[in-house]
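J.: Sequence first, then the predicted structure:
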Amino acid sequence: MPPPHTTKLKLPHQLHQLRTFVDAKIKWVRDPYLDFAVEREKDLKQAISLKNHILSTPSNSLPLSTASLLKPHLHLPSSTSTSKFSLKYPSIFTQFNPSPHLPPLLTLTPQALALHKEESAIHASTSHRNDAVRRLSKLLMLTGASRLPLYVIERLKWDMGLPHNYFLTLLADFPDYFQLCEMRDELGGEQVLALELVSWRKELAVSELERRAWNGGDFGHKRWVRIAFPMCLTKGFELEKKVRNWVEQWQDLPYISPYENAFHLPPNSDQAEKWAVAVLHELLWLTVSKKTERDNVFCLGEYLGFGGRFKKALVHHPGIFYLSNKIRTQTVVLREAYRKDFLVEKHPLMGMRHRYIHLMNKVQKRGKQAAALSTNGNGRKKKGNVSDMINRG
């Protein structure tokens, strides 16, 4: 019997309606709290990555010449070298000359080593390992074939909270869940290495919204319970009446689980859009920070077969997803997961990451700390058009 994801849902006739979305542009309004939630993690991913590379060596140090080769992997700005980056955070990194005849080395401060030890303890804990396996399994189950190219997973590794060397320290211990395989790269056309789920996990094929709606009930007998997406717009911003009316009617459409296959629906129907939003919502919920870069979303969308559907979801539903322009990229944030700039449910790794941020900011100059309520020059919230902003990105 095929897994649920490959079985078509038997949907009522009215679900095949064509798109009724109103002819209106949805404004993008800056949310200073969510912008700050993104902005305060500036350089964090790069710093943690450099830290992990340093600790992967037997001597726990790197020659600066070798560290400079890591710049493409760290995704540093063109104007910043690895050496400059490490000097920017002296509470994390230390440069020193072991002798006049040897090249300078890059190593970690005692404070950074202490934090790394605590971080490693989280990754090694049974509860976190089981949680990471569960979330990675669900990510693979969102795909039609329960597998993804390794380079796509590598893009999401940070957001999924996977350890730096997750293949050796995590996946190798769960052969009943994961296996390596080869697959044809849908974007490049060549054969690539991929991670595959050994077997479909029916107990995991329940989305976060379904879990909340059913509240531990019998999933099989509550398939058609009404499930609406939580909405939260930036304070002071309201949708136009005709858009608001459309959204309310759209919310009343039956919810299709992101773990089901609904590609038989007309791609331009409202119901198909609700399914695409459900998949994107679940993807963001699987991340430890409930956000990821927009390019990660679009890259994964190509493999899920959604093409431009995720883009439309971001444009049409600013009350569900927020797009931030901070830290040299665009970041998609799941609004409901935040109260102001704080996560409602904080994952242990996020608490750890905030401690790294605190250590990095110890040497910041006065007056340059990020403000939680930043505004533009005239003090008003910035506005724009969501679709135009996505295209500019």
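T.: Looks like it came in fine.

J.: contacts, neighbours, all on C-alpha from now
T.: Noted.

J.: how far does stretch 284-291 stretch from start to finish?
T.: End-to-end span of stretch 284-291 (C-alpha to C-alpha, to the nearest Å): 6 Å.

J.: Let me see the mean pLDDT of that stretch.
T.: Taken as a whole, stretch 284-291 has an average pLDDT of 98.

J.: Distance from that stretch to the middle of the chain?
T.: On the basis of C-alpha atoms, centre = their mean, to the nearest Å, stretch 284-291 sits 5 Å off its chain's mean C-alpha point.

J.: cool, and stretch 40-53?
T.: That offset, for stretch 40-53, works out to 16 Å (C-alpha atoms, centre = their mean).

J.: i'd like the first residue to be 48 from this point on
T.: Okay, using 48 as the starting number, the last item reads as stretch 87-100.

J.: How about residues contacting it?
T.: Identification of contacts with stretch 87-100 by C-alpha atoms under 8 Å, 6 or more residues apart in numbering yields 117, 121-123, 155, 205, 211, 374, 400, 403-404, 417.

J.: for stretch 337-345, same thing?
T.: Contacts to stretch 337-345, defined as C-alpha under 8 Å, 6+ apart, come from residues 202-203, 206, 327, 331, 354, 357-358, 370, 376-381, 384.

J.: re earlier: and the contacts of stretch 87-100, which are buried?
T.: Among the contacts of stretch 87-100, those classed as buried by 16 or more other C-alpha atoms under 10 Å are 117, 121, 123, 155, 205, 211, 400, 403-404.

J.: Just give me the closest of these to residue 226.
T.: Lowest distance from residue 226 to the buried ones among the contacts of stretch 87-100 (C-alpha to C-alpha) belongs to residue 211, with 18.4 Å.

J.: sec struct for the closest one, please.
T.: At residue 211, secondary structure determined by DSSP: H, G, I helix; E, B strand; the rest coil is coil.

J.: got the contact list for it?
T.: By C-alpha under 8 Å, 6+ apart, the contact list for residue 211 reads 96, 99.

J.: Now with 10 Å, please.
T.: Applying C-alpha atoms under 10 Å, 6 or more residues apart in numbering to residue 211 gives the contacts 95-96, 99-100, 103, 170, 201, 204-205.

J.: Neighbour-wise, give me the winner out of those residues.
T.: In terms of neighbours by other C-alpha atoms under 10 Å, the contacts of residue 211 top out with residue 170 at 21 neighbours.

J.: how about that residue, phi and psi?
T.: phi -60, psi -30 (degrees, to the nearest 10).

J.: neighbouring contacts of stretch 108-122?
T.: Contacts for stretch 108-122 (C-alpha under 10 Å, 6+ apart): 90, 92-98, 100-103, 123-125, 127-133, 141-144, 149-155.

J.: what comes up buried for that stretch?
T.: Within stretch 108-122, the residues scored as buried using 16+ other C-alpha under 10 Å are 108-111, 114, 117-118, 121.

J.: And for stretch 229-248?
T.: Across stretch 229-248, burial judged by 16+ other C-alpha under 10 Å covers 229-230, 239, 241-244, 247.

J.: Make TSV out of the buried ones among the contacts of stretch 87-100 and add secondary structure and pLDDT.
T.: Formatted as TSV, these follow (DSSP: H, G, I helix; E, B strand; the rest coil; pLDDT from 0 to 100):
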residue	secondary structure	pLDDT
117	coil	89
121	helix	89
123	coil	87
155	strand	97
205	helix	97
211	coil	91
400	helix	97
403	helix	98
404	helix	97
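
J.: Kindly indicate which of these lies nearest residue 290.
T.: Taking the buried ones among the contacts of stretch 87-100 together and measuring to residue 290 by C-alpha to C-alpha, the closest member is residue 205, at 35.5 Å.

J.: and stretch 273-292, how far out from the chain's middle?
T.: Chain-centre distance of stretch 273-292: 23 Å, with C-alpha atoms, centre = their mean.

J.: Check which residues of it are buried.
T.: For stretch 273-292, the neighbour count (16+ other C-alpha under 10 Å) marks 274-276, 279-281, 290 as buried.

J.: repeat for stretch 252-265
T.: Those would be 252-254, 256-257, 260, for stretch 252-265 by 16+ other C-alpha under 10 Å.

J.: Repeat that for stretch 181-196.
T.: Quick answer for stretch 181-196 (16+ other C-alpha under 10 Å): 182-191, 193-196.
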